[in-house]
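J.: Have a look at this fold, sequence not included:
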C-alpha cells in the first residue's frame, strides 16, 4: 500500500530532481523513492559491517642480509657533501 505525503524541498533541489526524473523517463516519485531506499540502506551498512583494521607488517629484524649499513651511511654522507658543494 502506498501513502501520500507532503515533503518540503528547496526550489533548486526540486527543479533539479524534476529534470533528472524527466531525463530518465521516470516519475519524480520513483526518483525520490530510490533516493530514500539508498539512504536507508547506507545507514544500515556501517552498523552491520565489522571494523576494518589496517594491515600491520609482521617483518622482524633489520636490514636484508648482505646490506652494509656503514656503506649506506657513507654513500648518504657523500651525497650530502656533493649537494653542499653544488649550492656554494
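T.: Sure, I can see it. Here the structure is a predicted model, which is why all the values come from computation and not from measurement.
J.: Could you pull up the contacting residues of residue 86?
T.: By CB atoms under 8 Å, 6 or more residues apart in numbering, residue 86 lies in contact with nothing. Backbone N, C-alpha and C define where each C-beta goes, glycine included.
J.: And it, how far from residue 79?
T.: Residue 86 sits 11 Å away from residue 79, going by CB to CB, to the nearest Å.
J.: before we move on, what about residue 61?
T.: Distance from residue 61 to residue 79, by CB to CB: 26 Å.
J.: Compare these two (neighbour count), which wins?
T.: residue 79 (10 against 6; other CB atoms under 10 Å).
J.: quick one: buried residues of stretch 54-66?
T.: Judged by neighbour count (16 or more other CB atoms under 10 Å), stretch 54-66 contains no buried residues.
J.: Not counting its own residues, what contacts it?
T.: residue 69.
J.: so how far is that stretch from its chain's centroid?
T.: How far stretch 54-66 lies from its chain's middle: 28 Å, per CA atoms, centre = their mean, to the nearest Å.
J.: Report the separation between the two terminal residues of that stretch.
T.: 31 Å (CA to CA, to the nearest Å).
J.: model confidence over the host helix or strand of residue 39, on average?
T.: Take DSSP states H and E as the rule and residue 39 turns out to sit in helix 28-48. Regarding helix 28-48, the rounded mean pLDDT is 81.
J.: buried stuff in the helix or strand following that helix?
T.: Moving toward the C-terminus from helix 28-48, the next helix or strand (DSSP H and E) is helix 69-87. Of the residues in helix 69-87, none count as buried by neighbour count, 16+ other CB under 10 Å.
J.: Now do helix 69-87, average pLDDT.
T.: 83.
J.: how distant is that helix from the center of its chain?
T.: Per CA atoms, centre = their mean, the displacement of helix 69-87 from the mean C-alpha position of its chain is 39 Å.
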